[in-house]
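1. Predicted model, plus sequence, below.
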Amino acid sequence: MSPREFPDFVERGVDLATRTTLALPGQAAFYARITSTGQLARLTGNWSLRRFALGGGSNVVLGGDFDGLLLHLAIGGRELIGEDENAWYVRAGAGENWHQLVAWTLAQGWPGLENLALIPGTVGAAPIQNIGAYGLELADRFLSLEALDMQSGRLLRLDRAACRFAYRDSVFKQQGWHLDAQLVITRVTFRLPKAWQALTGYGELAAELERQAVDHPSAQQIAAAVIAVRSRKLPDPATLPNAGSFFHNPLVDATLGARLQQIYPDLPCYPQPDGRIKLAAGWLIERSGWRGRGLGRVGMYEKQALVMVNHGGARRAEVMALASAVQADVRQRFGVELTPEPIIL
Ligand code: NAP
């Protein structure tokens, strides 16, 4: 398909700054707000033009000119599609706001997603990086997803095994499908077990529940505690544009982990089942002197050094320069490689 044949819902020359939470200036040559799978299917086929699927724009560095077609996934809808003695089954459209889905399931009396409250972004973006927080990840509550193959136009169903979930990772990232919208997620189905157990093992969450004097928390109380912790530490994009955590928490081999722990006894180290050690990227950045420090019009947030913020009018090149400077300092000081978490276009 060529731009001349585009359906009339495809817009031209659309401003990017309002489409992402980092608010970098730029323009998309073509833009389509997608509210149904049928509408998306009208844009499938073998194209020379680049396509990119955008959800809430909270995990992407997108600035300057994008000369392709931006597919803004706004497919809505959330419903209970089934229930048995073991679980509730909930399906949601890719464009649903993630936090609103969590809040809605809790209000219906279906616990299970509470630890993932207030994670920015949409339902459709959540499986791509297998979002996780406070000891729970999406994979733990996932049943299946529907995705449209943008070449063939076929609608596929991927179950948990097919998604190959790992720590903040899935088959979408492993295959690079998310980079040029090869397979676009349209709906996700969750399995929320009725045998619910509170997950309060993470230090900050446990401390917040203690502060609130909650002994045996309900799912709603856990969500409230997660919201309280996150709101204290993370900037609201409406007042301070940002793309959330800018780097992955690195996994290092056991030898490097042990050596670093010997030198820095207060370094948070979390052994993984595969023998590697997970380190807190925010701690490494803070100890490299970047907390609350900036370069140009961008900086690492004063309350959480892992978050890069746009102090106003920043451009893509400034984001990249700060990311490189932080990576270089962490590499030099700790011998650890930080990799960016957002998709960089
Ligand atoms: P944090 O709570 O300061 O944690 C920093 C790192 O320490 C994370 O890697 C975290 O593990 C790990 N950690 C802390 N307590 C642990 C424990 N008891 N056992 C094992 N590992 C532990 O992180 P933060 O930056 O303020 O973020 C708060 C939460 O939101 C974290 O769970 C973080 O991963 C999550 N988050 C998720 C996304 C996302 O899914 N896109 C984005 C931003 C933040 P985990 O890596 O297992 O969390």
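-> Now that the structure is in, tell me what you want to look at. Numbering: from 1, shown residues only.
2. Show me the contact partners of stretch 245-256.
-> Under the contact criterion CB atoms under 8 Å, 6 or more residues apart in numbering, stretch 245-256 has outside partners 167-168, 260, 271-272, 275-282, 284-285, 300, 306-308, 323, 326-327, 335-342. Just so you know, the C-beta spots here come from the backbone N, C-alpha and C atoms, and that holds for glycine as well.
3. Walk me through which strands the lowest-mean-pLDDT helix or strand in the chain pairs with, and which way each runs.
-> Scoring the helices and strands of the chain by mean pLDDT, DSSP states H and E places strand 343-344 at the bottom, with a mean of 92. Strands adjacent to strand 343-344 in the sheet, as given by DSSP bridges, are strand 60-61 (parallel).
4. The partner strand near the ligand at all?
-> No - contact of strand 60-61 with the ligand is not found when judged by CB under 6 Å from any ligand atom; the minimum separation is 12.1 Å.
5. Angles on the backbone of residue 222, please.
-> Recorded main-chain torsions at residue 222 are phi -70, psi -40, according to degrees, to the nearest 10.
6. Now do the same contact list for it.
-> By CB under 8 Å, 6+ apart, residue 222 lies in contact with 114-115, 198-200, 205, 209.
7. Among these, which ones are in helices?
-> 205, 209 (DSSP state H).
8. Would you mind naming what in the stretch 151-300 of the chain lies close to the ligand?
-> For the stretch 151-300 of the chain, the residues in contact with the ligand under the definition CB under 6 Å from any ligand atom are 201-204, 233, 244-245, 249, 268, 270, 278, 280, 282.
9. one more time with 8 Å, if that's ok
-> Taking CB under 8 Å from any ligand atom, the part of the stretch 151-300 of the chain that reaches the ligand is made up of 167-168, 201-204, 229-230, 233-234, 244-245, 249, 268, 270, 278-283.
10. State the number of residues packed around the nearest residue in space to residue 96 that is not next to it in sequence.
-> Setting aside the residues directly before and after it, residue 96 is nearest to residue 123 in space (CB to CB, 6 or more residues apart in numbering), at 4.4 Å. Here the number of neighbours of residue 123 (other CB atoms under 10 Å) works out to 30.
11. again with residue 93
-> Other residues close to residue 93 by other CB under 10 Å number 24.
12. Same question for the one 5 residues further on.
-> Neighbouring residues of residue 98 were enumerated by other CB under 10 Å; the total is 25.
13. Which parts of the stretch 201-345 of the chain are helices?
-> Per DSSP state H, counting those that start in this stretch, the stretch 201-345 of the chain carries helices over the ranges 203-211, 219-233, 254-263, 281-287, 316-334.
14. for the ones you listed, which one ends up most surrounded?
-> Mean neighbour count (mean count of other CB atoms under 10 Å) peaks for helix 281-287 among the helices of the stretch 201-345 of the chain, with a mean of 21.
15. Show me what it is packed against.
-> With contacts taken as 3 or more CB pairs under 8 Å, 6 or more residues apart in numbering; DSSP states H and E, helix 281-287 sits against helix 316-334.
16. circling back to that earlier point, between the contacts of residue 222, which is nearest residue 26?
-> Using CB to CB, residue 115 is the member of the contacts of residue 222 that lies nearest residue 26, at 34.6 Å.
17. any idea how far that closest one lies from residue 132?
-> Going from residue 115 to residue 132 by CB to CB, to the nearest Å gives 8 Å.
18. These two: which has the busier surroundings?
-> Between residue 115 and residue 132, counted using other CB under 10 Å, residue 115 has the larger neighbour count: 25 against 18.
19. and that one, what is it in contact with?
-> With CB under 8 Å, 6+ apart, residue 115 has these contacts: 133-136, 199, 205, 222, 226.
20. and which of those is nearest to residue 95?
-> When those are compared against residue 95 (criterion: CB to CB), the nearest one is residue 133, at 21.4 Å.
21. Bridge partners for that closest one, pull those for me.
-> Note on residue 133: beta-bridge partners residue 136, judged by DSSP bridges.
22. Wait, it touches residue 120, no?
-> No - between residue 133 and residue 120 no contact is recorded; they are 11.3 Å apart, counting by CB atoms under 8 Å.
23. between the two, who's got more neighbours?
-> In terms of neighbours (other CB under 10 Å), residue 120 is the more surrounded of residue 133 and residue 120; the figures are 22 against 17.
24. Residue 195 touches residue 111, doesn't it?
-> No - Residue 195 is not in contact with residue 111 according to CB under 8 Å; the separation is 10.4 Å.
25. Of those two, which one has the most company?
-> residue 111 (20 against 6).
26. Next one, pLDDT for the closest residue to that one other than its chain neighbours please.
-> By the measure of CB to CB, 6+ apart, the closest residue to residue 111 outside its immediate chain neighbours is residue 219, 3.3 Å from it. You'll see residue 219 listed with a pLDDT of 98.
27. Residue 219: what's it in contact with?
-> Neighbour list for residue 219: 106, 111-112, 114, 196, 198 [criterion: CB under 8 Å, 6+ apart].
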